[in-house]
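*Asks:* Sharing a model prediction with you, sequence too.
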Amino acid sequence: MGKDLLFAIRTLRKSPGFTLMAVVALALGIGANTAIFSVVNSVMLSRLPFETPDRLAMVWEQSPRTKTNVVNPLNFMEWQDRNKSFDRIAAFIAFPLSLSGDGEPEQVDAMNVSSGFFEILGIQPIAGRWFTAQEDTPGNGNVAILSEGLWRRRYGADPHIVGRQVHVNNHPYTVVGVMPASFRFPMTKADVWIPTGMDRKMATRSGGRFLSTVARLRQGVSIASAQADMNVISNQLQQERPAFNSKWGITVVSLREQVVGDVRTPLYVLLGAVGLVLLIACANVANLMLMRAAGRGREIAIRAALGAGGLRIIRQLLVESTVLSLLGGAFGLIVGLWSIGALTAALPDSIAYVSLKTIRIDTTVFLFTLGVSIATGILFGMAPALKAARTDVQEALKSGGRGVASGRSFMRSTLVVAEVALSMILLVGAGLLIHSFARLASVDPGFDAPHVLTMQLATGGQFPNNQKFAEFNVRMLERVRTVPGVEAAGTSHFLPLGRIIPGTGLWRADRPTPAHGEEAMTEVLVVMPGYFAAMNIPLIRGRVFDDRDQAAQKPHLVVINQTLAKQFYPNEDPIGKPLAVQWAHEQTPYEISGVVGDVRQKALDTDPKPGVFISNLQEPSGPSNLVARTHGDPKLLAQAIQKEIHAINPDIPISGVETMDAYTYRRRSLRRASIRFC
């Protein structure tokens, strides 16, 4: 073997052109496989970075229409008291908040978490402690835990940070702990954690569903057993609160399944595609090896004449092909490392918790690449080796080397046919993907992105009541509209294509009220006057909100989209009709003032859903996303607009400043990794 290895190295060194072509082909194929496998390994094969992660589960409410739905606080507390399957179950909700003091005000991602959240995950803080049960009660929750990244960036890694006060939404909070940089709950991101501070009395008053929950299974309890246990609780809650829980169930899903469920198929499809690329590379190199073997017929014949058996010749040639593939694998690792950054940037939202720090070339990926390299060497080297082992020695010596070349057409033709077939599979798949991308690019989002600037305002906790918040919005928009170059401006609590938008039930108030659970569903956006003009959303009928529509006006107005108008009023004029929307606590019907064009709120590859718009002047609601349409380049007006906002309230952090063009392009790009063959 040692002699074979040295001879293989000398032989490849004497044929630099052949070696270079073969190594490049193999490096591309093996590199692509390495990059994709590194993602598959990190997302689907690696252990989740929590204590005994196989016992972690997510628990959701199950609506009459969807299997997983956010959770009502009172139902969550009943789950805590009644379940027999979980050691602990905790609730959380992600939201942005503002930090002030210690520098410029800043908006950061945060999470409200109930007691037990950190204990369930089992990750210890690097400083301080977790929240106590007492701190998760009303009036005792002014404590915070920071991420290591925020602690180092904003507070200079202050060793005395525990016990120090920070200002969260303009209120003082005491820091009790710092979580390590590696800690991140899947599908969320947070730099600050604060307690929910909710008791049963507050939960009873809360009529909506907005919590997510995570639980730790008791030792020996399976997901199926936990589901059966929660089904019993679900039936009890339906009987006890039929007006709220009728036809609503509970879904238990493992945390691993929650994380990878939506991306398993796209990743396996991608892994299969790069596997085909590697097979094509193998066929290419096998053809090169066959052509090269045609010129080595006399050498092989002499070896056979001197006593080398068929297995000995096969081993010699397989050693050569394996050395070649190992060279390709070494360069393939470099290609894989280079590709990981671009691949991670294209990951869909559902695995956004994965970062460049977790997707890497580790021991598992290295062993995978080594195994692929060796298998590849054997695969493309086998055909030339078998052909050489069957060489007719006398004929080869007489013909001066043409013996190996003779009769080679069938094997080479077979490789060419296989190569073309694999290439056609990839071409068809690529054509379908290009077609999908083209269709996605041509979809009308329902608004005009060019010349629009957007930014997010962290208004949470900045105002003592809704009236003050509404007054700020009016004054802020008045000043923004005076900036030279601004054509129109408004706000919305969620931007289009964000994949997150509140939903609720609705029905025609001039008809009998449907039974609970049978209401139609609608998307809900709370906007300020000027939003439709800034986004250039067309008005189909009636009128949109203006500054005359105030909170004292009864009934409150609602603007509906075209899809809802067609669904509810197919042969009628909806203007002036009463519409019941389960949004305000009063449950009074709204009056339809206008119909606007459809906007794709969740994604470009989903059809528009029924949607309603509520005036922020009548029912203020955050968060606030400012949109401003300009005459020229919107980026040139960003500083002037921020200056006008801070002239009213300098403590409001502003983040996410970008053009709507850039925002829309980024949202389109996020779909690349999850578009399936169609």
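*Replies:* Looks like it arrived, so ask away.

*Asks:* where does this structure have its least confident helix or strand?
*Replies:* Of all helical and strand segments in the chain, the minimum by mean pLDDT, DSSP states H and E falls on helix 402-405, at a mean of 45.

*Asks:* what comes up buried for stretch 264-278?
*Replies:* Of the residues in stretch 264-278, P266, L267, L270, A273, V274, G275, L276, V277, L278 count as buried by neighbour count, 16 or more other C-beta atoms under 10 Å. Yep, even glycine has a C-beta here, placed from its N, CA and C like the rest.

*Asks:* Quick check: the two most widely separated of these?
*Replies:* Farthest-apart pair in the buried residues of stretch 264-278 is P266 and L278; separation 19.0 Å (C-beta to C-beta).

*Asks:* what sits up against stretch 16-24?
*Replies:* L12, R13, V285, L288, M289, R292, L324, L327, G328, F331 (C-beta atoms under 8 Å, 6 or more residues apart in numbering).

*Asks:* Let's see that with 10 Å instead.
*Replies:* 11-13, 15, 281, 284-286, 288-289, 291-292, 321, 323-332, 335, 380 (C-beta atoms under 10 Å, 6 or more residues apart in numbering).

*Asks:* follow-up on the earlier one: tell me the one of the buried residues of stretch 264-278 nearest E148?
*Replies:* L267 (29.5 Å).

*Asks:* where does that closest one fall, helix, sheet strand or coil?
*Replies:* helix (DSSP: H, G, I helix; E, B strand; the rest coil).

*Asks:* wait, doesn't it sit right on S38?
*Replies:* No. In this structure L267 lies outside contact range of S38 using C-beta atoms under 10 Å: 11.2 Å.

*Asks:* Return the set of buried residues in stretch 632-643.
*Replies:* For stretch 632-643, by 16+ other C-beta under 10 Å, it's P634, L637, A638, I641, Q642.

*Asks:* mind putting those residues in CSV, pLDDT, distance to A94 and secondary structure included?
*Replies:* As requested, the buried residues of stretch 632-643 are exported to CSV (pLDDT from 0 to 100; distance: C-beta to C-beta, whole Å; DSSP: H, G, I helix; E, B strand; the rest coil):
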residue, pLDDT, distance to A94, secondary structure
P634, 93, 28, helix
L637, 94, 31, helix
A638, 94, 26, helix
I641, 95, 27, helix
Q642, 94, 25, helix
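
*Asks:* now for the residues you listed, which pair is the farthest apart?
*Replies:* P634 and Q642 (12.5 Å).

*Asks:* Overlap of the contact sets of these two?
*Replies:* Shared contacts of P634 and Q642, counting by C-beta under 10 Å, 6+ apart, come down to V657.

*Asks:* what's the pLDDT at G307?
*Replies:* As predicted, G307 sits at a pLDDT of 64.

*Asks:* Residue numbering should commence at 21 henceforth.
*Replies:* That works, and once the first residue is 21, the last one we named lands at G327.

*Asks:* I'd like the next helix or strand past the least confident helix or strand of the chain.
*Replies:* Sequence order places helix 429-462 as the next helix or strand after helix 422-425, per DSSP states H and E.

*Asks:* What is that following helix packed up against?
*Replies:* helix 284-314, helix 383-409, helix 680-689 (3 or more C-beta pairs under 10 Å, 6 or more residues apart in numbering; DSSP states H and E).

*Asks:* Dump these to JSON lines, plus mean pLDDT.
*Replies:* Output for these, formatted as JSON lines (pLDDT from 0 to 100):
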{"stretch": "helix 284-314", "mean pLDDT": "76"}
{"stretch": "helix 383-409", "mean pLDDT": "78"}
{"stretch": "helix 680-689", "mean pLDDT": "79"}
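
*Asks:* out of the ones you listed, nearest to P69?
*Replies:* helix 383-409 (15.2 Å).

*Asks:* sorry, back to before: of the buried residues of stretch 284-298, just say which sits nearest to E611.
*Replies:* Among the buried residues of stretch 284-298, and counting by C-beta to C-beta, the member closest to E611 is P286, at 44.8 Å.

*Asks:* quick one: the closest one from V63, how far?
*Replies:* Distance of P286 to V63, given as C-beta to C-beta, to the nearest Å: 11 Å.

*Asks:* go on, L599?
*Replies:* 43 Å.

*Asks:* Per the annotation, how does the chain divide into domains?
*Replies:* Following automatic domain parsing, one finds the domains of the chain at 22-67+282-460, 90-267, 472-694.

*Asks:* JSON lines for those, including distance to S83?
*Replies:* Formatted as JSON lines, the domains of the chain follow (distance: least, C-beta to C-beta, whole Å):
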{"stretch": "domain 22-67+282-460", "distance to S83": "18"}
{"stretch": "domain 90-267", "distance to S83": "8"}
{"stretch": "domain 472-694", "distance to S83": "8"}
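
*Asks:* Which of these comes out lowest on mean pLDDT?
*Replies:* domain 22-67+282-460 - the lowest mean pLDDT of the domains of the chain, at a mean of 74.

*Asks:* what about S462, how many neighbours?
*Replies:* The tally of other residues near S462 (other C-beta atoms under 10 Å) stands at 8.

*Asks:* And the pLDDT at it?
*Replies:* The predicted local confidence for S462 is 73.

*Asks:* Now do the contacts for it.
*Replies:* So S462 contacts L624 (C-beta under 10 Å, 6+ apart).

*Asks:* ok, now how distant is it from L624?
*Replies:* 10 Å.

*Asks:* Repeat that for S266.
*Replies:* Taken as C-beta to C-beta, the span from S266 to L624 is 35 Å.

*Asks:* if we can go back for a sec, looking at the domains of the chain, which is nearest to M78?
*Replies:* domain 90-267 (5.8 Å).

*Asks:* mind checking how far that closest one is from the chain centre?
*Replies:* 21 Å (C-alpha atoms, centre = their mean, to the nearest Å).

*Asks:* first to last residue in that domain, what's the distance?
*Replies:* 15 Å (C-alpha to C-alpha, to the nearest Å).

*Asks:* Can you report how many residues lie near H651?
*Replies:* When neighbours are counted by other C-beta under 10 Å, H651 comes out with 11.

*Asks:* who's in contact with it?
*Replies:* H471, P504, G505, V506, E507, L657.

*Asks:* Mark which of these are buried, thanks.
*Replies:* Of the contacts of H651, these count as buried by 16+ other C-beta under 10 Å: H471, G505, V506, L657.

*Asks:* and the second one, what are its phi and psi?
*Replies:* It stands for G505. phi 100, psi -10 (degrees, to the nearest 10).

*Asks:* just the one 5 residues further on next, same as before
*Replies:* With angles defined as degrees, to the nearest 10, G510 shows backbone torsions of phi -160, psi -180.

*Asks:* any chance you could map the helices in the stretch 71-220 of the chain?
*Replies:* Ranges of helices within the stretch 71-220 of the chain are 93-102, 137-141, 168-175, 220-225, based on DSSP state H, counting those that start in this stretch.

*Asks:* And the shortest one, what's buried?
*Replies:* Taking 16+ other C-beta under 10 Å as the neighbour-count basis, helix 137-141 is seen to contain the buried residues F137, F138, I140, L141.

*Asks:* what do you get for the third one?
*Replies:* For helix 168-175, burial by neighbour count (16+ other C-beta under 10 Å) applies to E168, L170, W171, R174, Y175.

*Asks:* Tell me which strands the strand ranked longest in the chain pairs with, and in which orientation.
*Replies:* Assignment by DSSP state E gives strand 106-120 as the longest strand of the chain. On the basis of DSSP bridges, the sheet neighbours of strand 106-120 come out as strand 126-133 (antiparallel), strand 185-188 (antiparallel), strand 232-237 (antiparallel).

*Asks:* how much does the last one deviate in direction from helix 93-102?
*Replies:* What it means is strand 232-237. 10 degrees (axes from the mean of the first three to the mean of the last three C-alpha atoms, to 10 degrees).
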